[in-house]
Every structure is written in structure tokens, then in C-alpha cells.
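Visitor: okay, sequence plus prediction incoming.
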Amino acid sequence: MSGDNSADDAVQDPATDVAAAASCPWTYQLEVDETRSPLVLNVARCLDPSDRCETVCATITVQRLNSATGRMVQVSERFAVACRPKLTTTTTTTTTRTIETTATATGDAYRYEEYNNVDY
């Protein structure tokens, strides 16, 4: 390792490393809003242009300017914090079919239940 400060020797932010290595990578952008305190927040933006990723949001308490009163009020707002693959849901339905059979030799009735798991 040389004594110069090359890019290879730089310490990177762990959050940036996670975002770049994720299956749905994202970057952070500064969002400035003069009617909010804090004025500047880092907000995640998904980098994958496909339809397979979605934004992960968190609810954060901020101060927001009430235009009617001119005073700051505390509110909860949702902000993007990361990106992830879209979650798919699978619905499993169990159906039951009852089959009644009669044994001819004894006349005893047998009950047979069949369970089918079907994914939709």
C-alpha cells in the first residue's frame, strides 16, 4: 500500500456498501423541504429500472410548517430507506372431497377424505 490517498484506500460508508451489493440496489439522495424540520433528509432511490423491486419505507416523525398558523407541528411521514425485491404471495387452498363407499360383504360404510393442496 502506498502512502498516497488513493480511492482504493478510502473508507466507505457501510450503508452505501449494503445498498450497492443488494439484489435491488439503491442510492441515497438529499431531499430538501423548506416547510419541514429537518430541512434535509437522505431518501433512498431504487436503481433497478425493472418492475421486480419495490421501495422500503419507514415512518419518521418530523416538524411540518402549518401554512394556516405559520407554526411548526409534529407529524409522522413515510420516507424511502431502501429497496428490496417485490414480495410475491402464494395463496394455498385446501379442498376436501368425501367419498362414501360400502363394502358389499359386510355392509360397513367407509369414509375416505382426500386433501388437495392447490397453489394459486
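Guide: Structure received. Numbers count the residues shown, from 1 in each chain.

Visitor: span of stretch 61-75 from start to end?
Guide: The first and last residues of stretch 61-75 sit 6 Å apart, counting by C-alpha to C-alpha, to the nearest Å.

Visitor: wouldn't residue 61 be in contact with residue 75 here?
Guide: Yes - the pair residue 61 / residue 75 is scored as a contact, 7.3 Å apart, by C-beta atoms under 8 Å. For the C-beta atoms, the positions are set from N, CA and C on the backbone; glycine is no exception.

Visitor: which of these two has more neighbours?
Guide: For residue 61 against residue 75, the residue with the higher neighbour count under other C-beta atoms under 10 Å is residue 75, and the figures read 12 against 8.

Visitor: where do the helices sit along the protein?
Guide: Defined through DSSP state H, the helices belonging to the chain, from first to last, are 14-21.

Visitor: quick check, pLDDT for residue 31.
Guide: We note a pLDDT of 96 for residue 31 in this prediction.

Visitor: got the contact list for it?
Guide: The contact partners of residue 31, taken as C-beta atoms under 8 Å, 6 or more residues apart in numbering, are 40, 41, 42, 43, 79.

Visitor: you'd agree the third one is up against residue 26?
Guide: Okay, so that is residue 42. No - Residue 42 lies out of contact with residue 26 (C-beta under 8 Å); the separation is 10.9 Å.

Visitor: more neighbours, those two?
Guide: Here residue 42 and residue 26 are set side by side on neighbour count (other C-beta under 10 Å), and the busier one is residue 26, at 25 against 13.

Visitor: how about that one, nearest residue that isn't a chain neighbour?
Guide: Residue nearest to residue 26 in three dimensions, not counting chain neighbours: residue 83, with 4.2 Å by C-beta to C-beta, 6 or more residues apart in numbering.

Visitor: one more: residue 23?
Guide: The spatially closest residue to residue 23, leaving aside those adjacent along the chain, is residue 85, at 5.8 Å (C-beta to C-beta, 6+ apart).

Visitor: next: residue 78.
Guide: Using C-beta to C-beta, 6+ apart and skipping residues adjacent in sequence, the residue nearest residue 78 is residue 57, 4.4 Å away.
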